[in-house]
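> how does the following fold in three dimensions:
(one chain, ligands or ions: 1)
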Amino acid sequence: MVKKVSEYTYDELLERAYSKLPTKARSQEAFQIPKAEIIIVGGKTVIRNFRWIADYLNRDPKILQRYFAKELAVPAYMDESQQLVLQGRFGAHVINKLIEIFVKKYVLCPTCGSRFTELKRSGKVFILKCLACGAETSLQAF
Ligand SMILES: [Zn+2]
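Sure, this is the predicted structure:
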């Protein structure tokens with residue numbers, strides 16, 4: 001679906017403008033919790049911008065996929081367009097709330113609040129390593 005410029009919200013226009021900037025300039029911009037673009041197809045919920053969300057958060061899409069499957073207790077898979085397909089119908093508010101929780105728990109550094117972190121599995125835990133302040137936090141893995 002292609003939108004006319006007049007149909008974009010202010011935030012979307014900003015996002016479009018920023019996406020054309022080099023990465024270095026973009027990284028200075030304020031971080032926003034990404035919002036899912038959702039469509040319901042039959043009895044399934046499709047997160048259309050799933051890959052973008054994973055990339056924006058700098059998280060392995062497989063981890064994000066498992067997170068949704070675990071939290072919603074339904075099967076989830078990535079289709080050939082790297083959209084996430086969830087069994088069952090879920091509203092945007094449910095999906096966006098889960099993204100918000102994921103960001104607060106598995107992306108933002110609990111010590112300094114930076115979004116520039118890495119999440120790595122180490123046995124039964126995830127290690128959230130902050131690239132800004134160096135803090136390492138262990139979290140229960142899934
Ligand atoms: Zn930090």
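> next SSE after the least confident helix or strand in the chain by mean pLDDT?
Lowest mean confidence among the helices and strands of the chain (mean pLDDT, DSSP states H and E): helix 23-26, at a mean of 50. Going down the chain from helix 23-26, the next helix or strand is strand 38-41, by DSSP states H and E.
> in its sheet, what does that following strand sit against?
Strand 38-41 sits in its sheet next to strand 44-47 (antiparallel), going by DSSP bridges.
> determine how far the strand it pairs with lies from the middle of the whole chain.
15 Å (CA atoms, centre = their mean, to the nearest Å).
> quickly check: stretch 125-135 near the ion or not.
Yes: counting by CB under 5 Å from the ion, the ion has neighbours in stretch 125-135: 130, 132-133, 135. Quick note: C-beta positions are derived from backbone N, CA and C, even for glycine.
> drop the exposed ones from the residues you listed and show what's left.
Listed as buried from these are C130; burial here means 16 or more other CB atoms under 10 Å.
> farthest pair within the residues of stretch 125-135 next to the ion?
Pairwise distances across the residues of stretch 125-135 next to the ion (CB to CB) peak at 8.6 Å, for the pair A132 and A135.
> what touches both of these two?
109, 112 (CB atoms under 8 Å, 6 or more residues apart in numbering).
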